[in-house]
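In: Got a predicted structure plus its sequence, pasted below:
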Amino acid sequence: MMVKVGNRELELNGPHLTELRSSNDILHDVQALRERMEEDGYLLIRGFHDREKVLTARRAILEKMDRMGKLERDTLLEEGVIADGSKSIFMGGTNEDLPELLDVLNGEHVMRFFDELLDEQSLTYHYKWLRAVGKGDFTGAHYDIVYMGRGTHNVYTVWSPIGDISYEMGGLAMCLGSHRFDSLKASYGTKDSDRDGIGHYTDDPLVITEKFGGQWATTTFEAGDVLIFGMFLMHCSLANTTNQYRISVDARYQSASEQVDERWSGKKPRGHHK
């Protein structure tokens, strides 16, 4: 099976692309989870969120998008069919108008998980990175540290698909081993998107692996699944080749005792600025 990763067509289970590994087998062993994070750079946890709560949040998001005129008329709301001429939509912010989404991302189950993983009280950034990705679009390969490196570097991204995501709809792909690419961490990984005017490293996933090594990995996702990873794991997304929006959200978590990147927290986070 061929999968479009960034701007490349790669063969699933071929030389460049493999399957992500689930960590559900060690979900109730926090030390094993820490070791898996250190080893793999990510945790794929199936059914981490309550599926019905995620689907409730999805409906609220789709209703908002429908009011914006972004959904095709005379189609089922739940299918999220892209209106003719509509593109990807970024809905980043505090999302206070979407309490159903915040109920998932700020829920007790998430905060308890990070309290245990970090072995101290955790917090989540008020800003959430909510996206509806349109046909043909994808996210280029990058480290998250470039966008949120002004506080502690011990920040975790939780990427949550808001709905079921097939290969064709374009879920995330991770570059295995990239959290140990020291030369890349010491160069690109020291950049600041606002200060340096830099963003994604590349749209071509093979630029990474041919220069630094590693292998790309992806999978399909269902509502309730999550990918959890640190600031120095290179990742991108598959291209959405369907006529339906791929809806997902990034939320960030860290220790409450460590410095927070002030761009992304507080009642009115300023977001990107110099």
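Out: Yep, that arrived.
In: Once you drop chain neighbours, what's closest to W159?
Out: Spatial nearest neighbour of W159, chain neighbours left out: L227 (4.5 Å); criterion: CB to CB, 6 or more residues apart in numbering. Every residue, glycine included, has its C-beta placed from N, CA and C.
In: what's around the one you found, how many residues?
Out: 25 (other CB atoms under 10 Å).
In: what about it, which SS state?
Out: Put simply, L227 is strand when judged by DSSP: H, G, I helix; E, B strand; the rest coil.
In: Would you map the helices across the stretch 1-150 of the chain?
Out: Secondary structure of the stretch 1-150 of the chain (DSSP state H, counting those that start in this stretch): helices at 30-40, 51-67, 99-105, 108-118.
In: which parts of stretch 194-212 are buried?
Out: Using 16 or more other CB atoms under 10 Å as the test for burial, stretch 194-212 gives 201-202, 204-206, 208-209, 212.
In: should've said stretch 210-226
Out: 212, 214-219, 221, 223-226.
In: Just the closest of the residues you listed to K128, please.
Out: V226 (13.6 Å; CB to CB).
In: Quick check: closest non-adjacent residue to I26.
Out: Of all residues not flanking I26 in the chain, A32 sits nearest, at 4.0 Å (CB to CB, 6+ apart).
In: Any idea how many residues pack against that neighbour?
Out: Residues near A32, counting by other CB under 10 Å, number 13.
In: cool, K64 as well?
Out: With other CB under 10 Å as criterion, K64 counts 18.
In: Would you check that it makes contact with L98?
Out: Yes: in this structure K64 lies within contact range of L98 using CB atoms under 8 Å: 7.0 Å.
In: Please determine how far the residue nearest to I26 is located from E39.
Out: Noted for A32: a distance of 10 Å to E39, by CB to CB, to the nearest Å.
In: Touching stretch 216-224 from outside, list them.
Out: Here stretch 216-224 makes contact (CB atoms under 8 Å, 6 or more residues apart in numbering) with 3, 5, 10, 12, 16-21, 44, 46-51, 54-55, 58, 161-167, 171-176, 205, 209, 238.
In: Where do the strands of the chain begin and end?
Out: For the chain, the strands defined by DSSP state E cover 2-5, 8-11, 17-19, 42-45, 89-90, 122-124, 129-133, 156-161, 172-176, 215-218, 226-229, 235-237, 246-255.
In: Any idea which of the ones you listed gets closest to V104?
Out: Set against V104 and scored by CB to CB, the strands of the chain come closest in strand 156-161, at 7.0 Å.
In: what sits up against the closest one?
Out: Here strand 156-161 makes contact (CB under 8 Å, 6+ apart) with 49, 54, 104-105, 110, 114, 117, 144, 171-172, 221-223, 225-231, 246-254.
In: for stretch 77-94, same thing?
Out: For stretch 77-94, contacts defined as CB under 8 Å, 6+ apart pick out 58-59, 61-66, 68-73, 75, 126-135, 137, 163, 243-245, 247, 267-269, 271.
In: got it, and stretch 20-37?
Out: By CB under 8 Å, 6+ apart, stretch 20-37 touches 40, 42-47, 116-117, 174, 217-219, 227-230.
In: most centrally placed residue in the chain?
Out: W159 (3.3 Å; CA atoms, centre = their mean).
In: shaky segments in the protein?
Out: Counting by pLDDT under 70, the chain shows low-confidence ranges at 274.
In: give me that answer again for 90
Out: Counting by pLDDT under 90, the chain contains low-confidence residues at 265-268, 270, 272-274.
In: Could you name the residue of it that is farthest from its center?
Out: D74 (30.6 Å).
In: How much space separates the nearest residue to M2 once chain neighbours are set aside from H16?
Out: Closest residue to M2 apart from its sequence neighbours, by CB to CB, 6+ apart: E9 at 5.0 Å. According to CB to CB, E9 stands 10 Å off from H16.
In: Please say which of these two ends up with more neighbours.
Out: Using other CB under 10 Å as the criterion, E9 and H16 rank with H16 on top: 16 against 11.
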